[in-house]
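>>> can you look at this prediction? I've put the sequence above it.
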Amino acid sequence: MTIKCPKCKASIRNTNQSAKAIRKFGSFYRTSDRKKVQRFYCKLCKLHFSVATLSRCYRQKKRHINHKVVRQLVSGTSLRECARLMKINRKTVVRKFLFMADRAKIKLEVLNRQKSLITDLQFDELETFEHTKCKPLSVTVAVERHSRWIVGYEIAQMPAKGLLSQVSMKKYGPREDKRASARKKLFERIQKNIAKGALIKSDMNPHYIADVSKFFPESIHLRYKGRQAREIGQGELKVGGFDPLFSINHTFAMIRYRVSRLIRKTWNTTKKMERLDYHLALMVLHHNLSLK
């Protein structure tokens, strides 16, 4: 970390020792994580500050539980259950959840920039809902086949299907289908991570053809017919034999297992689409870092 004055932006890295603007000014003991924190004094603006002032966790009283909360949330634990297990307030868990999710989104962008170009990609849509099954959501996920590295994801609302369509229309009115725009947004974001002539695999959804040819014109798009799901693997893994879309289906099964609000047949649901986005950011970062 580069030590800079938060007020006048003077730096401690100065070759001229006689004109050094920032000098050390003792230290203090931080009881929350039992660490000794260095303090500084700026000669130019007469400001006292410390390493903690420059940290993103500034003024957090329980910064030592940040990663512990994340570990619980990517292990199939709900927010309320995490609060019970760690014996902290539920509001504290929510604050830690939002704070670490923002950091996870930034970290994911950095990791994708550092990763080499992908030559074999699989993508598909995972369906869930917010608050009620009458308000379904679609999560488009793109995965590298060999390593199962999650390149990106995008969430969109979609209209209810089947017998619930009439109930949804009566209770909540018409629901716009935003899956196409979300898919285009995802492809536009990951376009720079896909090599020219890459092999892209998906199911037989007819809407995928135009989007793949638009954003990846030199790629080879292979489409496979959907297969019957097995009971284990949250219904994402397919029954017996070779599955050409195993990487994406296995990744979906892992996401449903690790993200509590995506587990099927549960009372734990997503109340806000934005919170699902944050939860997926934590899960995707944890998943990708475990592959390195």
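All right, it came through fine.
>>> OK, contacts around Asn66?
Contact analysis of Asn66 by C-beta atoms under 8 Å, 6 or more residues apart in numbering lists 57, 60, 96, 99-100. All C-beta atoms are positioned from the backbone trio N, CA, C, and that covers glycine.
>>> Met100 versus that one, what's the distance?
To Met100, Asn66 is 6 Å away according to C-beta to C-beta, to the nearest Å.
>>> next one: Ala182
Taking C-beta to C-beta, one finds Ala182 at 24 Å from Met100.
>>> do the same with Arg59
Noted for Arg59: a distance of 16 Å to Met100, by C-beta to C-beta.
>>> do Ala52 as well
For Ala52, the distance to Met100 - C-beta to C-beta - is 18 Å.
>>> wait, Ala83 sits on Thr92?
Yes. Ala83 is in contact with Thr92 according to C-beta atoms under 8 Å; the separation is 7.2 Å.
>>> more crowded one of those two?
Ala83 (19 against 16; other C-beta atoms under 10 Å).
>>> that one in helix, strand or coil?
Under DSSP: H, G, I helix; E, B strand; the rest coil, the three-state class of Ala83 is helix.
>>> not counting its neighbours along the chain, what's nearest it?
Nearest residue to Ala83 in three dimensions, chain neighbours excluded: Arg90, at 4.3 Å (C-beta to C-beta, 6 or more residues apart in numbering).
>>> check contacts around the one you found.
For Arg90, the contact set (C-beta under 8 Å, 6+ apart) comprises 79-80, 83.
>>> look up phi and psi at it.
Here the main-chain torsion angles of Arg90 (degrees, to the nearest 10) amount to phi -60, psi -30.
>>> how's the protein carved up into domains?
The chain is divided into the following domains under the TED database: 1-59, 116-258.
>>> show me where the protein dips below the pLDDT cut-off.
1, 13-19, 234 (pLDDT under 70).
>>> now the strands for it?
Applying DSSP state E to the chain gives strands spanning 22-30, 35-42, 48-50, 118-130, 132-144, 150-157, 194-203, 220-224.
>>> and the shortest one, what does it pack against?
Spelled out, it's strand 48-50. strand 22-30, strand 35-42 (3 or more C-beta pairs under 8 Å, 6 or more residues apart in numbering; DSSP states H and E).
>>> among those strands, which comes closest to Lys171?
Of all the helices and strands packed on strand 48-50, strand 22-30 sits nearest to Lys171, with 51.3 Å by C-beta to C-beta.
>>> run the chain-centre distance for that closest one.
Taking C-alpha atoms, centre = their mean, to the nearest Å, one finds strand 22-30 lying 36 Å from the centre of the chain it belongs to.
>>> ok, it: who's next to it in the sheet?
Within its sheet, and counting by DSSP bridges, strand 22-30 is paired with strand 35-42 (antiparallel).
>>> mind exporting the C-alpha coordinates of the strand it pairs with to PDB?
C-alpha atoms of strand 35-42 as PDB (Å, rounded to 0.1, in the frame of the first residue of the first chain):
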ATOM      1  CA  LYS A  35      -3.100  -5.600  15.300                       C
ATOM      2  CA  LYS A  36      -0.600  -2.800  15.700                       C
ATOM      3  CA  VAL A  37      -1.500   0.000  13.400                       C
ATOM      4  CA  GLN A  38       1.100   2.600  12.200                       C
ATOM      5  CA  ARG A  39       0.200   6.300  12.500                       C
ATOM      6  CA  PHE A  40       1.500   9.100  10.400                       C
ATOM      7  CA  TYR A  41       1.800  12.900  10.400                       C
ATOM      8  CA  CYS A  42       1.700  15.200   7.300                       C
END
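>>> who wins on neighbours among the contacts of Asn66?
In terms of neighbours by other C-beta under 10 Å, the contacts of Asn66 top out with Lys96 at 25 neighbours.
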